[in-house]
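>>> 3D model of this:
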Amino acid sequence: MRKIGQGVLALAVAGLVVLGGIAAERAGPAAPAAAARGTAVSNAWLCPHGGGKGWTGTIALADPGPESVDVRVTELSTGAPSAPATITVPAGHEVLQRVQAGSTADATYVEAFGGWVAAGWLLRAAPPSSGLGVEPCAPAASRTWYTADSDTQQGHRSYLVVMNPFSVEAVFDVALFRPRLPPVRSADWIDLTLPPGRSMALNVGSKVLGQEIVGAEIDVSRGRVAAASLGVSPDGGIRSVLGAPAPSATAYLPVAAGAGQADLAVFVPGTEGVQLTTKLLSAVSPQAAGTAANTQQPGASTAAYPIISVGPSSVNVTSTGGVPFVAALRARGQEQDDGATGGAVAPSTAWVVTPTVGGEPAQPQLVLVAPGPVAVHVTLQLLTPGSEPTGPRVTITVPAGRVAGAPKGFLERADQASVLVTADGPIVALGASTSGGAKGLASYGSAVGVPVPMDPLGRG
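As a prediction, this is how the structure comes out:
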């Protein structure tokens, strides 16, 4: 009887196990416990700015959050990196940090601890040239990079600046793309090695000459890098454009402060051709953007399309069927210096726009693009240098499908300040300026803003 009782008990237990398994299968796996949310926000920026003999460089570091942030700045070049500098960026303010820019290979690595900051660079050519190059830094390294602004016409110099701030070497290949011609893959630009903590500059004109636009594709087989293009015109003008880690089916390319003439540079890295639709947004109704309004471009090619604009504007480009491309906008300056931007691939509700002024007198502008079907209310706040009281604010409305600028006199209160842009809808923000010379027109620079993540502004 005892053995029979044990057998019945075993069958009962087995039945409960089977029934429990069936119930668990129907209910699905148990939801894992929520991960504890971190309290510290940190980030890094890679700034492949380059430089030239006698040039000066500045990294603008802006803190839009409620707490001060400690930042470590490391300068890179072809030799061993210098000892890093540690600085503190006060809450609601910026720091303008001078960095070396005497070589085309120069770059800067920025690490923020316990908070989030935005970073962008300013390059100034040596006198008597008035060239100015400005751009945001890259928020992350990548294993692919694309640039669309190299120019190898007579007298023009174009470089690819590549940086590797990490502790392992990077190995990569470079392919160059031209209008209506096959790509160039030079044997000595295959398996290029960039040691840890170094940066380098590649002379595009040494491989391809006489081209108005050259696209570059950098493929990394080991490690990760960041890359940008640096262009120098015969009269000493400078253009800086941060590379794109991936092509996109959209591009938002704001423009202001120049002469109203620009070239839309488009690079299609894939083999599939692209059908482009391009609109010019401004303070009035959207318009067709010249020859780029509705055009086809073959794969593995580059092309330039002339654009005419009046006042703060934006060249918005999309591709049919989502075929990816890379774009940049080269804008003529009022005098000898031109500007360029790689723009943005998507709107955001918050941006930090780093300064674009290279000297005094200055005429700063801010371009605000509302590409959607609804008007957007935008608040602008100056993130001034130092640690004085928080900079002034102003709120404006950008109509749907239109472009607006900052109110007259607002940016002039502190023309070297970064600007925090917050909105109740999708927006794209870009800073542009002319500065220096007798009338403040000698230098021209433009740089798209840096999208702000949710947490630093207490919105997430």
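>>> So for residue 77, what's the pLDDT?
With respect to pLDDT, residue 77 has a value of 98.
>>> Next, work out how far apart it and residue 410 are.
38 Å (CB to CB, to the nearest Å). In this view, the C-beta of every residue, glycine as well, is placed from N, C-alpha and C.
>>> Which one of the two is surrounded by more residues?
Applying other CB atoms under 10 Å to residue 77 and residue 410 shows that residue 77 carries more neighbours, namely 23 against 18.
>>> Identify the residues contacting the more buried one.
Taking CB atoms under 8 Å, 6 or more residues apart in numbering, we find residue 77 in contact with 100, 103, 105, 106, 107, 198, 199.
>>> try residue 76
Residues in contact with residue 76 (CB under 8 Å, 6+ apart) are 106, 107, 108, 109, 163, 165, 197, 198, 199.
>>> switch the cut-off to 7 Å
Residue 76 makes contacts with 107, 108, 109, 163, 165, 197, 198, 199, as judged by CB atoms under 7 Å, 6 or more residues apart in numbering.
>>> swap in residue 451?
By CB under 7 Å, 6+ apart, the contact set of residue 451 is 348, 350, 351.
>>> Counting neighbours, what do you get for the second one?
The burial metric for residue 350, expressed as a neighbour count using other CB under 10 Å, is 21.
>>> for it, phi and psi?
Phi and psi for residue 350, reported as degrees, to the nearest 10, are phi -150, psi 140.
>>> Against residue 105, how distant is the spatially closest residue to it that is not a sequence neighbour?
Once flanking residues are discounted, residue 350 sits nearest to residue 452: 3.9 Å by CB to CB, 6 or more residues apart in numbering. Residue 452 sits 31 Å away from residue 105, going by CB to CB.
>>> and if you look at residue 145?
Taking CB to CB as the measure, residue 145 falls 16 Å from residue 105.
>>> thought residue 339 was touching residue 328?
No: contact criterion CB atoms under 7 Å: residue 339 and residue 328 do not qualify, at 10.8 Å.
>>> buried ones in the helix or strand hosting residue 363?
Residue 363 belongs to strand 362-370 when assigned by DSSP states H and E. Buried residues in strand 362-370, counted by 16 or more other CB atoms under 10 Å: 362, 363, 364, 365, 366, 367, 368, 369, 370.
>>> try stretch 264-275
Buried, per 16+ other CB under 10 Å, within stretch 264-275: 264, 265, 266, 267, 268, 269, 274.
>>> mind putting the buried residues of strand 362-370 in CSV, distance to residue 86 and pLDDT included?
Formatted as CSV, the buried residues of strand 362-370 follow (distance: CB to CB, whole Å; pLDDT from 0 to 100):
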residue, distance to residue 86, pLDDT
362, 30, 97
363, 35, 97
364, 30, 97
365, 34, 98
366, 31, 98
367, 34, 98
368, 35, 98
369, 37, 98
370, 40, 98
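>>> Thanks a lot, catch you later.
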